[in-house]
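K.L.:
Could you look at this predicted model? Sequence included:
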Amino acid sequence: MVTVAKFRQGAEAPLQGAVVALLLLATAWLLGLPAAFGVDRTLTIPAAALVGALIGRWWLRPLSAITAVMILITAIGIWSPIVPRLAAPFVRNDPVTLDAVDAVFVFSNNVNSRGLVSGEGIDRLLTGIALRARRPALPLLVSVVRFDERNGGASSAADQRALIALVPATGTVEWIDSVASTRDEAVQLARRGFLQRWRRVAVVTSPMHTRRACATVEALGLAVTCVAAPWRPAGWPARSSADRLVVMQRLVYETLAWAQYRVSGWAHWN
């Protein structure tokens, strides 16, 4: 007969494993790892608990050690000045001479289910609109994103058109549709640039995205003036712990993205 004591003894390690795995998952969320790998956060909760319970009997100590190290890294990132220093090289903001630019290109961002552009996407677009306002004849290129690309979901185009119409200009507005990544946008931009015989394009995006985005376009042979838009998700440079948390998440994302782009030969750190 299985006694209560034996049952507790048998269930203790799996339960501890599940708890530690969930703590590890929570720390990974703070670091932005699920978002960096494109993992659905809701699915990771039962998966982490199940895996932790399964390996808790044999791997509880290594799992606990990994969790402790990640908590320490997260704490250092939030409460020390190291994250802004590590993030600074990812930001590129070139001097802008509009007379030397043939077009202004705005990288896209997220869109919600009603087709409204995210705050970060608005920052990028408004910066591009303001640049073109200084030379209204410049073409403005804008990427269109969809809420759910696979199912033909809501498009960002209507919201983007409404914002662009706020500042009338004589230059054309061109659309790059159905993009899923920075690489997609860069390829389509370079193709337009070669067809139009553009030599240099002003590329507008969020600060932490500038280095990779501009390098990806340059790797395709188009000269770039890189423009960092204002960034509302966090103060930049980061001053508070809340700012540093957001910057740390973007730093993790961009580091992993850079690894992919460099291995693939899509971008080179200049």
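P.N.:
Arrived safely, thanks for sending.
K.L.:
List the buried residues in stretch 12-27.
P.N.:
Buried residues in stretch 12-27, defined by neighbour count with 16 or more other CB atoms under 10 Å: 13-14, 16-25, 27. Heads up, the C-betas are built off the backbone N, CA and C, glycines and all.
K.L.:
What of stretch 213-232?
P.N.:
Within stretch 213-232, the residues that qualify as buried by neighbour count (16+ other CB under 10 Å) are 213-220, 222, 224-229, 231.
K.L.:
next structured bit after the host helix or strand of D184?
P.N.:
Assigned by DSSP states H and E, D184 belongs to helix 182-196. Where DSSP H and E defines the elements, the next helix or strand beyond helix 182-196 is strand 200-205.
K.L.:
what lines up beside that following strand in the sheet?
P.N.:
With DSSP bridges as the test, strand 200-205 is paired with strand 103-106 (parallel), strand 223-228 (parallel).
K.L.:
what's the closest of these to R197?
P.N.:
Closest to R197 of the strands paired with strand 200-205 is strand 103-106 (CB to CB; 11.1 Å).
K.L.:
Kindly reformat the strands paired with strand 200-205 as CSV containing distance to S240 and mean pLDDT.
P.N.:
Putting the strands paired with strand 200-205 into CSV (distance: least, CB to CB, whole Å; pLDDT from 0 to 100) gives the following:
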stretch, distance to S240, mean pLDDT
strand 103-106, 28, 96
strand 223-228, 20, 97
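K.L.:
For L166, which of these is the nearest?
P.N.:
Taking CB to CB, strand 103-106 is the member of the strands paired with strand 200-205 nearest to L166, at 14.4 Å.
K.L.:
So which residues of the stretch 101-250 of the chain form helices?
P.N.:
Assigned by DSSP state H, counting those that start in this stretch, the stretch 101-250 of the chain shows helices spanning 119-133, 157-164, 182-196, 207-219, 241-264.
K.L.:
Pick the one among the buried residues of stretch 213-232 closest to A190.
P.N.:
Nearest to A190 among those: L220, at 3.8 Å, using CB to CB.
K.L.:
Tell me, what's the model's pLDDT at that closest one?
P.N.:
As predicted, L220 sits at a pLDDT of 95.
K.L.:
ok, and the closest non-adjacent residue to it?
P.N.:
The shortest distance from L220 to any non-neighbouring residue, by CB to CB, 6 or more residues apart in numbering, is to A190 (3.8 Å).
K.L.:
how many other residues sit next to the one you found?
P.N.:
Applying other CB atoms under 10 Å, we find 19 residues neighbouring A190.
K.L.:
and it, what does it touch?
P.N.:
Listed by CB atoms under 8 Å, 6 or more residues apart in numbering, the contact set of A190 reads 217, 220-222.
K.L.:
what's the pLDDT at it?
P.N.:
As predicted, A190 sits at a pLDDT of 94.
K.L.:
if we can go back for a sec, what are the buried residues along the helix holding D184?
P.N.:
For helix 182-196, a neighbour-count test (16+ other CB under 10 Å) marks 182-183, 185-190, 192-193 as buried.
K.L.:
Among the buried residues of stretch 12-27, name the ones in helices.
P.N.:
If you go by DSSP state H, the buried residues of stretch 12-27 have 13-14, 16-25, 27 in helices.
K.L.:
Touching, N93 and A228? I think so.
P.N.:
Yes - using CB atoms under 8 Å, N93 is in contact with A228, at 4.1 Å.
K.L.:
longest single helix anywhere in the protein?
P.N.:
In the chain, taking DSSP H as the definition, the longest helix is helix 41-79.
K.L.:
sorry, back to before: show me the two of the buried residues of stretch 213-232 that sit farthest apart.
P.N.:
Between any two of those, the greatest separation by CB to CB is 25.5 Å, found for L220 and W231.
K.L.:
For the protein, give me the ranges with low pLDDT.
P.N.:
Scanning the chain for pLDDT under 70 picks out 1-11, 41, 148-153.
K.L.:
Tally up the residues packed near H268, please.
P.N.:
Residues contacting H268 under the criterion other CB under 10 Å number 11.
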